[in-house]
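Q: Compute the structure for the input listed below.
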Amino acid sequence: DGGDELFGGYNRYFWGRDIWRSTGWMPRSLREMLARGLAGVAPQSWDRLFTRCAPLLPRALRLPSPGDKLHKLARVLAVADPDALYAALVSHWTDTGLVRGAAGAPATNAAPPLGDVRARMMFLDATGYLPDDILVKVDRASMAVSLESRVPFLDHAVAEFAWRLPLAMKMRNHQGKWLLRQVLYRYVRDELLEENPRL
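A: Take a look at the predicted model:
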């Protein structure tokens, strides 16, 4: 636990940055219109269309369940700012008001100005999602069987080191945890770790 948050391991960091780079410059009204257009077609219809067009599509667009992915894109497309984009990407609920209760919305205003959407999302994960969700579940599950668990990535020296690293040492070529992978490659053969081993 902590490796994804400190070393950029979640796919949402890439999706969030790419979505905001591609659409954040557009007026929100235009993004809302695009979102309505994407959501106006049923996921199954998108799936059929992608299946028919598969031979014409670039490899990157030949994804499983493209309809579901386009509906998720529609859900986050019309957000007001990167913080709202983050909240939409981490929430499984489209109407968070139904489940918010006393805790309120995820706190997104406490992050310092980090300059990069990915860094801000990592900060919000490290200060909200990790302690309020991931670590809580690990603690409850381990304590239920009288097991002491440890989180070595959250040692203060490791966390401080990770936050001093530039993002390029954490994320490269749409792959997170770059530095951790380089260390692991010294001890474990590539073919045991990667779907497409390094050449």
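Q: Could you identify the helix or strand that succeeds the helix or strand where residue 5 lies?
A: Residue 5 belongs to helix 3-7 when elements are defined using DSSP states H and E. With elements assigned by DSSP H and E, the helix or strand that comes after helix 3-7 is helix 11-23.
Q: quick one: the helices in the protein?
A: Along the chain, counting by DSSP state H, helices occupy 3-7, 11-23, 28-39, 43-53, 66-77, 82-90, 117-124, 135-144, 156-164, 178-185, 190-193.
Q: Throw those helices into CSV and include mean neighbour count, distance to residue 172 and mean pLDDT, thanks.
A: (Each C-beta comes from the backbone N, C-alpha and C, glycine too.) Formatted as CSV, the helices of the chain follow (neighbours: other C-beta atoms under 10 Å; distance: least, C-beta to C-beta, whole Å; pLDDT from 0 to 100):
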stretch, mean neighbour count, distance to residue 172, mean pLDDT
helix 3-7, 22, 11, 94
helix 11-23, 18, 11, 88
helix 28-39, 15, 29, 92
helix 43-53, 14, 29, 90
helix 66-77, 19, 23, 88
helix 82-90, 20, 21, 86
helix 117-124, 23, 12, 91
helix 135-144, 12, 27, 92
helix 156-164, 12, 15, 94
helix 178-185, 15, 5, 91
helix 190-193, 11, 15, 78
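Q: Could you point out which of those helices sits nearest residue 150?
A: helix 135-144 (9.6 Å; C-beta to C-beta).
Q: if we can go back for a sec, can you list the neighbours in contact with the helix holding residue 5?
A: 9-10, 122, 125-126, 129-130, 153, 158-159, 162-163, 170, 176-180 (C-beta atoms under 8 Å, 6 or more residues apart in numbering).
Q: how close does residue 174 sit to residue 183?
A: 20 Å (C-beta to C-beta, to the nearest Å).
Q: go on, residue 20?
A: For residue 20, the distance to residue 183 - C-beta to C-beta - is 30 Å.
Q: shouldn't residue 31 be in contact with residue 75?
A: No. Counting by C-beta atoms under 8 Å, residue 31 stays clear of residue 75, with 11.6 Å between them.
Q: per-residue confidence at the residue sitting furthest away from the middle of the chain?
A: Distance to the chain centre peaks in the chain at residue 146, reaching 32.0 Å (criterion: C-alpha atoms, centre = their mean). pLDDT for residue 146: 93.
Q: That one: what's it in contact with?
A: Per C-beta under 8 Å, 6+ apart, neighbours of residue 146: none.
Q: Give me the phi and psi angles of it.
A: Per-residue torsions, residue 146: phi 50, psi 40 (degrees, to the nearest 10).
Q: how near is residue 54 to residue 62?
A: Remark: distance between residue 54 and residue 62 (C-beta to C-beta) = 6 Å.
Q: check contacts around the residue nearest to residue 66 when sequence neighbours are not counted.
A: Sequence neighbours aside, residue 50 is the residue nearest to residue 66 in space, at 4.3 Å (criterion: C-beta to C-beta, 6 or more residues apart in numbering). Going by C-beta under 8 Å, 6+ apart, residue 50 touches 57, 61-63, 66-67.
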